[in-house]
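*Asks:* Show me the folded form of this:
(2 chains)
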Amino acid sequence: MLIDWFTVGAQVINFLILVWLLKRFLYKPILHAIDAREQRITAELADADAEKTNAEQERNMLQHKNEVFEQQRAAFLSQAIDEAKAERLRLLDAARQESDGLRAKRQEALRSEQQSLSKALTDRTREEVFAIARKALADLAGITLEERMVDVFLRRLRELDDTGMAGLKSAFKTSPSLMLVRTTFVLSPTHRTIIETAVKEILGAEKCVQFETTPDLVSGIEISTNGQKIAWSIADYLASMEKGIDEMLKTKPKFETRAELKAGQSINEHGA
Amino acid sequence: MHLSPDDTIFWQYGFLKLNATIIFTWGLMFVLAVGSRLVTRRLSTGLQRPRWQNLLEIIVTAISRQIEEVGLRQPEKYLGFLGTLFLFIATASLCTIIPGYEPPTGSLSTTAALAICVFVAVPLFGIKDCGLDEYLRAYLKPTLIMLPFNVISELSRTLALAIRLFGNMMSGTMILAILLTITPLIFPIAISALGLLTGMVQAYIFSILATVYIAAATRTHESRPESEHKN
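*Replies:* Okay, the predicted model is just below:
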């Protein structure tokens, strides 16, 4: 008999025992190890995905920051350029204004110097003219300058035309105040008497004459009453002389003005 | 000359006896259990693992994948039974290269025992998955007339399992013994190598047929959710 039933039963039991043994020592541990490894790999992959996602987010964030930074930098640069241009224009304007101010000051100083020089020349000329005239008159005929001035004044008074004489007379008569005779120099009593007599004789009035010394009169004699005035002085002569000197001085500032214009142009070129 | 290792009896007391089949089976059980215990004592769950663990993982995953390919969706449930069938028969065939060893699968008692285990396991798995009524109703399909044919089919395929494995393993051993008497050089080595291949193929055939039977028993239950899902 090929089949031994005891052996069959024993082999069935042996096989079932082997199934239990292999389940316990082989399949379960191996399957657990595989599952654990798969879970670990899955977790690591999930971590890697999460890290990749984080890295991508950080990369996007950094990229965004870089773009914002670039935009801000460009904006700041543009603003700085605009401010620099505005500052340059402001500085150029300030330099130009300062230059204009300096030029104006210089012109003012020049004008002031010109005026003071003119005044000094006038004073000096007047003094010199007086001195020369006085000396010449004294040397030639023994007459003082004051006498000659009084004579000239009285002669001019007498030589007035009819209209002027009439106006003067009517003003003299209607004036409630005294007739005022102003001179640059102090008149001697003799000269005062002469003038007073001549006035009364010419104007035909009996009013008193009041004498006054005025240095501003620029060397001369002047009578005035009720708005009417007649005078003689060397101011006219001096005025013509002053005009000639002015013309002479005006030629000098022209050269200086050209030089200043050239200096201003060079400043503008440097600023541009 | 004996046809089965059952004839080599080491100890006997009445009905009880210890023959070569049982002894070699214990040896195989010892090798498989102790070997598995030694390898799985320190298992690595990391990417680096010992080569023996790697070998066992390959074997277990290959069996599991094969079960799944046949049609069983949860191979872990059947891995213990079907995997042990394959490993036992394969190890029994592989050990034929050891001199003096006789494979227990060359005994009709062993193959009958394995076939009986399959014969019992198929309805057990079928009833566990489908329920008793559903499983028994499968014998009446497609008509009531098919009931005796289905029962005969169950019995005949169990017998075929046992005889096929016994015949192949016994014939390999017989051919080797005959060749040793005729041409003691070279040819027995070639036949022994061929016997290894035959043993592996028989292990595969036996376990895959058992898988197919179990899959056929549980198919009705598992196909129902799909049809309901399609509807």
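*Asks:* show me the contacts for the residue of the stretch 101-250 of chain A found nearest chain B.
*Replies:* In the stretch 101-250 of chain A, the residue that lies nearest chain B is residue A:101 (87.4 Å; CB to the nearest CB). The C-beta positions use only the backbone N, C-alpha and C, and glycine is treated the same way. Contacts for residue A:101 (CB atoms under 8 Å, 6 or more residues apart in numbering or on different chains) come out as none.
*Asks:* Could you tell me the phi and psi values at it?
*Replies:* Main-chain torsions, residue A:101, degrees, to the nearest 10: phi -60, psi -40.
*Asks:* Return the per-residue confidence for residue B:128.
*Replies:* What the model reports as pLDDT for residue B:128 is 90.
*Asks:* what about it, distance to residue B:84?
*Replies:* 18 Å (CB to CB, to the nearest Å).
*Asks:* Is the most centrally placed residue in chain A in a helix, a strand, or coil?
*Replies:* Chain A has residue A:97 as the residue nearest its centroid, 3.9 Å off, counting by CA atoms, centre = their mean. Recorded secondary structure, residue A:97: helix (DSSP: H, G, I helix; E, B strand; the rest coil).
*Asks:* for residue A:182, same thing?
*Replies:* Following three-state DSSP, residue A:182 is assigned to strand.
*Asks:* what residues are up against it?
*Replies:* Residue A:182 neighbours (CB under 8 Å, 6+ apart): A:211, A:212, A:213, A:214, A:217, A:221, A:222, A:223, A:224.
*Asks:* same check, this time on residue A:215
*Replies:* residue A:184.
*Asks:* any idea how far residue B:79 is from it?
*Replies:* 143 Å.
*Asks:* for residue B:57, same thing?
*Replies:* In terms of CB to CB, residue B:57 sits 13 Å off from residue B:79.
*Asks:* For my notes, confirm residue A:222 occurs in a strand.
*Replies:* Yes. With three-state DSSP as the criterion, residue A:222 is located in a strand.
*Asks:* and it, how many residues sit next to it?
*Replies:* Residues lying near residue A:222 (other CB atoms under 10 Å in any protein chain shown) number 18.
*Asks:* and if you look at residue B:118?
*Replies:* Using other CB under 10 Å: residue B:118 sits among 23 other residues.
*Asks:* For it, which non-adjacent residue is closest in space?
*Replies:* residue B:210 (4.6 Å; CB to CB, 6 or more residues apart in numbering or on different chains).
*Asks:* Let me see the backbone angles for that neighbour.
*Replies:* Torsion angles, degrees, to the nearest 10, at residue B:210: phi -60, psi -40.
*Asks:* what about it, how many neighbours?
*Replies:* By other CB under 10 Å, neighbour count at residue B:210 equals 24.
*Asks:* pretty sure it is touching residue B:85, no?
*Replies:* Yes. Judged on CB atoms under 8 Å, residue B:210 makes contact with residue B:85 at a distance of 5.9 Å.
*Asks:* residues bridging contact with those two, i.e. touching both?
*Replies:* Shared contacts of residue B:210 and residue B:85, counting by CB under 8 Å, 6+ apart, come down to residue B:118.
*Asks:* The residue of the stretch 51-200 of chain A at minimum distance from chain B: what secondary structure?
*Replies:* Residue nearest to chain B within the stretch 51-200 of chain A (CB to the nearest CB): residue A:51, separated by 18.2 Å. Here residue A:51 is recorded as helix under three-state DSSP.
*Asks:* same question, the one 3 residues further on
*Replies:* Secondary structure state of residue A:54, per three-state DSSP, is helix.
*Asks:* State the distance from it to residue B:17.
*Replies:* Shown here: residue A:54 relative to residue B:17, a distance of 71 Å by CB to CB.
*Asks:* Now residue B:201: which helix or strand?
*Replies:* Secondary structure assignment for residue B:201, by DSSP states H and E: helix B:187-230.
*Asks:* Check which helices and strands that helix is in contact with.
*Replies:* Secondary-structure packing of helix B:187-230 (3 or more CB pairs under 8 Å, 6 or more residues apart in numbering or on different chains; DSSP states H and E): helix B:51-70, helix B:84-94, helix B:108-130, helix B:132-138, helix B:147-182.
*Asks:* other SSEs contacting the longest one?
*Replies:* The one in question is helix B:147-182. helix B:84-94, helix B:108-130, helix B:187-230.
*Asks:* Export only the CA atoms of the first one, formatted as PDB.
*Replies:* It stands for helix B:84-94. Taking C-alpha atoms only, helix B:84-94 is exported to PDB below (Å, rounded to 0.1, in the frame of the first residue of the first chain):
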ATOM      1  CA  THR B  84       4.000  27.300   3.200                       C
ATOM      2  CA  LEU B  85       2.800  24.900   0.500                       C
ATOM      3  CA  PHE B  86       5.300  26.300  -2.000                       C
ATOM      4  CA  LEU B  87       8.200  26.600   0.400                       C
ATOM      5  CA  PHE B  88       7.800  23.100   1.800                       C
ATOM      6  CA  ILE B  89       7.600  21.400  -1.600                       C
ATOM      7  CA  ALA B  90      10.400  23.600  -3.000                       C
ATOM      8  CA  THR B  91      12.600  23.000   0.000                       C
ATOM      9  CA  ALA B  92      11.900  19.300  -0.100                       C
ATOM     10  CA  SER B  93      12.900  19.200  -3.800                       C
ATOM     11  CA  LEU B  94      15.900  21.400  -3.300                       C
END
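*Asks:* need the contact list for residue A:156.
*Replies:* Residue A:156 neighbours (CB under 8 Å, 6+ apart): A:230, A:232.
*Asks:* Look up how far residue A:195 lies from it.
*Replies:* For residue A:156, the distance to residue A:195 - CB to CB - is 13 Å.
*Asks:* Run through the stretch 1-150 of chain A and note the low-pLDDT ranges.
*Replies:* Where the stretch 1-150 of chain A drops to pLDDT under 70, the residues are A:1, A:141-143.
*Asks:* which parts of it sit against chain B?
*Replies:* A:2-12, A:14-19, A:21-23, A:25-27, A:29-34, A:36-37, A:40-41 (CB under 8 Å from any CB of the partner chain).
*Asks:* try 7 Å this time
*Replies:* Residues of the stretch 1-150 of chain A found near chain B (CB under 7 Å from any CB of the partner chain) are A:2-4, A:6-8, A:10-12, A:14-15, A:17-19, A:21-23, A:25-27, A:29-31, A:33-34, A:36-37, A:40.
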